[in-house]
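**Q** Starting from these lines, generate the structure:
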Amino acid sequence: MIFHMSLRALICLCILSLCLAFQDFGAKANVASDFELLIDADAPLPQIPDSLDNKAHTPLERDWKYLLKSRQGLSVYDESVRWPRFVEGCLKIYRWADRVFNQYDSLYVVSYKRKGKVKIFNDNWVDIYYFHPKHELSLKMMSRLYPKVGINGSYGIFSLSYSIDLRTVFQGTNPHYHKLDFGFNCARLMMEFHYWRNDGGTYIRQFGDMGAGKPIKEWFSGLQFAAVNLGATYFFNNRRFCYGAAYDMSRIQRRSAGTWLAGITASMYDADFDLNKLSQEMKDYFDYKRKQYNLDYWVLDATFGYSYNWVCNKHFLFNITAIPGLGISHTSSKDEGRHRTLFNGAFKALTALNYQTGRFFLSLTANASANVYNSSELGFSPAVAGFTMSAGMRF
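**A** Numbering: from 1, shown residues only. From the prediction side, this is the model:
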């Protein structure tokens, strides 16, 4: 009897345990179900099938003309954009050069968010000449001030400018002076090309002792001058210093930094002097033995200097640059039939002050450069100095 009672109790206990187990399993199943619903609620949207994903990258929708018309924006760094074959080849070269030559430390130099800018500018310059035949009187000459006004528009690596000579517009005369400047700079390198020609527009400011105390101003049409300069410069501190931030406002210099720089410059000069065109008063004061000089020479200079960007605050940036040079010059005298190779000196100085607020900016720049030629018979030094003001906005 006791045994049967124990068996019944055991059977009841087992049934009770099974019921509790099924109840616990059901509870766990409900918890798991709730958890799965929670996961489904927070899960990301399902991936778009490949056939639909490719639709956003069809040739039509990645064509540069379509992107331009739809105002989706174009970037030279977007490799999915379909450009014309020649343009695509140029952009591949540009992207490679940008990766190799144009990388900055973002703590010091950053890019503008807006890649386009338009500006108006006023460019003013004069040329200066020192001419000294040995054992005779020296001549110091200076041209008129040549003012030019223009407009420039640029976007990314593309730029277009148009300018007019104010003297030509208001005085109706043909310009005696021609100047062409072209430059390219990146983080590591700067390359420049200058063409400079004067067809007889100078004033004599000093003639021997005449004008030593107070400069004279005697018109002289006996000078014909032309020069071509091509130079390349390397920036040593190219990760933290940006030359373009000061002189074309292509990037933002966030912290002050300077750099040593070195380069090479090749130049060709052609200067013809006709001293028969001196005024009668000057001829009476001094008569040169030789009346005409034809000086043609080329120059090869090694340059070494320093440039510094001072970030005054978030709006103002000031730069000063000095680049002296030393090299050789080779000349051939047309009327004497001789060739000479001589030591040569050169110097270049630049400064800039920029103001930036929002989209708008102002820029003031000044520059001066000179070359020194000196032989046993003749000393000659041409120089050019300029000052530019510009104002514009970014888009």
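**Q** Now do L180: how many residues are near it, please.
**A** L180 has 10 neighbours, counted by other C-beta atoms under 10 Å. Backbone N, C-alpha and C define where each C-beta goes, glycine included.
**Q** Mind jotting down where the helices sit in the stretch 251-395 of the chain?
**A** Ranges of helices within the stretch 251-395 of the chain are 280-285, based on DSSP state H, counting those that start in this stretch.
**Q** So, low pLDDT: which residues of it?
**A** Segments of the stretch 251-395 of the chain classed as low confidence (criterion: pLDDT under 70) are 333-338.
**Q** how about 50 then?
**A** Along the stretch 251-395 of the chain, the model assigns pLDDT under 50 to residues 335-337.
**Q** Would you map the strands across it?
**A** Assigned by DSSP state E, counting those that start in this stretch, the stretch 251-395 of the chain shows strands spanning 251-253, 257-274, 292-311, 316-333, 338-357, 360-374, 378-394.
**Q** can you redo those strands as TSV with distance to K179 and mean neighbour count?
**A** As requested, those are exported to TSV (distance: least, C-beta to C-beta, whole Å; neighbours: other C-beta atoms under 10 Å):
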stretch	distance to K179	mean neighbour count
strand 251-253	27	20
strand 257-274	15	18
strand 292-311	19	18
strand 316-333	19	18
strand 338-357	16	16
strand 360-374	12	18
strand 378-394	8	17
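**Q** now the ones you listed as TSV including distance to R114?
**A** Output for the strands of the stretch 251-395 of the chain, formatted as TSV (distance: least, C-beta to C-beta, whole Å):
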stretch	distance to R114
strand 251-253	11
strand 257-274	23
strand 292-311	20
strand 316-333	17
strand 338-357	12
strand 360-374	11
strand 378-394	4
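**Q** Can you say which of those strands is nearest to S138?
**A** With C-beta to C-beta, the closest approach to S138 among the strands of the stretch 251-395 of the chain belongs to strand 378-394: 7.8 Å.
**Q** now the angle from that closest one to strand 292-311?
**A** Angle of strand 378-394 versus strand 292-311, following axes from the mean of the first three to the mean of the last three C-alpha atoms, to 10 degrees, is 40 degrees.
**Q** elements contacting strand 378-394?
**A** Here strand 378-394 touches strand 116-133, strand 257-274, strand 292-311, strand 360-374, going by 3 or more C-beta pairs under 8 Å, 6 or more residues apart in numbering; DSSP states H and E.
**Q** now the ones you listed in CSV, with distance to S154?
**A** Listed next are these as CSV, based on distance: least, C-beta to C-beta, whole Å:
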stretch, distance to S154
strand 116-133, 6
strand 257-274, 25
strand 292-311, 21
strand 360-374, 13
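**Q** nearest to A227, of the ones you listed?
**A** Taking the helices and strands packed on strand 378-394 one by one with C-beta to C-beta, strand 257-274 is closest: 5.0 Å.
**Q** Burial check on A245, number of neighbours?
**A** Using other C-beta under 10 Å, A245 has 25 neighbouring residues.
**Q** Grab the nearest non-local neighbour of it.
**A** Closest residue to A245 in three dimensions, ignoring its sequence neighbours and counting by C-beta to C-beta, 6 or more residues apart in numbering: Q253, at 4.1 Å.
**Q** What of V228?
**A** Closest residue in space to V228, ignoring its immediate chain neighbours: M268 at 4.9 Å, by C-beta to C-beta, 6+ apart.
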